[in-house]
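Dropping a prediction and its sequence here:
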Amino acid sequence: MQKILLDNSSWGVVMLYLKAAEAGDVTAQEKKAFEIYSKAAEAGHLKAQYNLALCYDNGEGTIKNLEKAFEVYSKAAEAGNVNAQNSLANCYFNGRGTSKNSEKAFELYSKATEAGYLDAQYNLAVCYANGEGTTKNSEKAFELYSKAAEAGDLDALYNLAVCYNNGEGTIKNLEKAFELYLKAAE
């Protein structure tokens, strides 16, 4: 893969975009950022590929195109970008830009979790908890919610409280559930 460097004028545009975004005036800057991401993505820059996919996914700097977002997420995910792996899994899970495929979503969440991506760990726990793309496994869901909660994921903390509250994947413990509900609400 070719490493690309953005020239000073490109970095200037990126900085202008960030300042415009803070001020809420992003239309022209989004278009310029989209152009920069497109060029960098064509050159094989993984982060730019992911950002380009986000542009297509959210309609930022271009017309919203879920199929194109899916295509670009796929390319970045295949090259090892864990953000793209999680986003691609979300596409499969929700049927965004492609047909719904829970098994493929589960596979990608697993891969991103193995690489240490926190959001994927939470999403994988949801798959286990609900039997989406895999056999329902409350104990595995509890384990993954616990790890994600320890790493600071508030949704995981809330779902961990639900597990304790309902005795799912662990022994029912209403005191622990209450403690975690309070912590998640802070």
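Structure received.

So which residues of the protein form helices?
Using DSSP state H, the helices of the chain run over residues 8-23, 27-42, 46-58, 66-78, 82-94, 102-114, 118-130, 138-150, 154-166, 174-185.

Make JSON lines from those and add mean neighbour count and mean pLDDT to it.
Any C-beta I mention is one placed from the backbone N, CA and C, and that applies to glycine too. Output for the helices of the chain, formatted as JSON lines (neighbours: other C-beta atoms under 10 Å; pLDDT from 0 to 100):
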{"stretch": "helix 8-23", "mean neighbour count": "13", "mean pLDDT": "51"}
{"stretch": "helix 27-42", "mean neighbour count": "18", "mean pLDDT": "85"}
{"stretch": "helix 46-58", "mean neighbour count": "22", "mean pLDDT": "92"}
{"stretch": "helix 66-78", "mean neighbour count": "20", "mean pLDDT": "96"}
{"stretch": "helix 82-94", "mean neighbour count": "24", "mean pLDDT": "96"}
{"stretch": "helix 102-114", "mean neighbour count": "21", "mean pLDDT": "97"}
{"stretch": "helix 118-130", "mean neighbour count": "23", "mean pLDDT": "95"}
{"stretch": "helix 138-150", "mean neighbour count": "20", "mean pLDDT": "97"}
{"stretch": "helix 154-166", "mean neighbour count": "20", "mean pLDDT": "95"}
{"stretch": "helix 174-185", "mean neighbour count": "14", "mean pLDDT": "94"}
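
Confirm for me that residue 168 is in contact with residue 138.
Yes - with contact defined as C-beta atoms under 8 Å, residue 168 reaches residue 138; the gap is 4.6 Å.

any residues in contact with both of the two?
Listed as contacting both residue 168 and residue 138 by C-beta atoms under 8 Å, 6 or more residues apart in numbering are residue 129.

what sits against residue 70?
Here residue 70 is in contact with 53, 88, 91, 96, 97, 98 (C-beta under 8 Å, 6+ apart).

Next: residue 82.
112, 115, 116, 117, 120.

6 Å instead, please
Contact analysis of residue 82 by C-beta atoms under 6 Å, 6 or more residues apart in numbering lists 112, 115, 117.

Which residue comes closest to the first one once chain neighbours are left out?
Counting by C-beta to C-beta, 6 or more residues apart in numbering, the nearest residue to residue 112 once its immediate chain neighbours are dropped is residue 120, at 3.4 Å.
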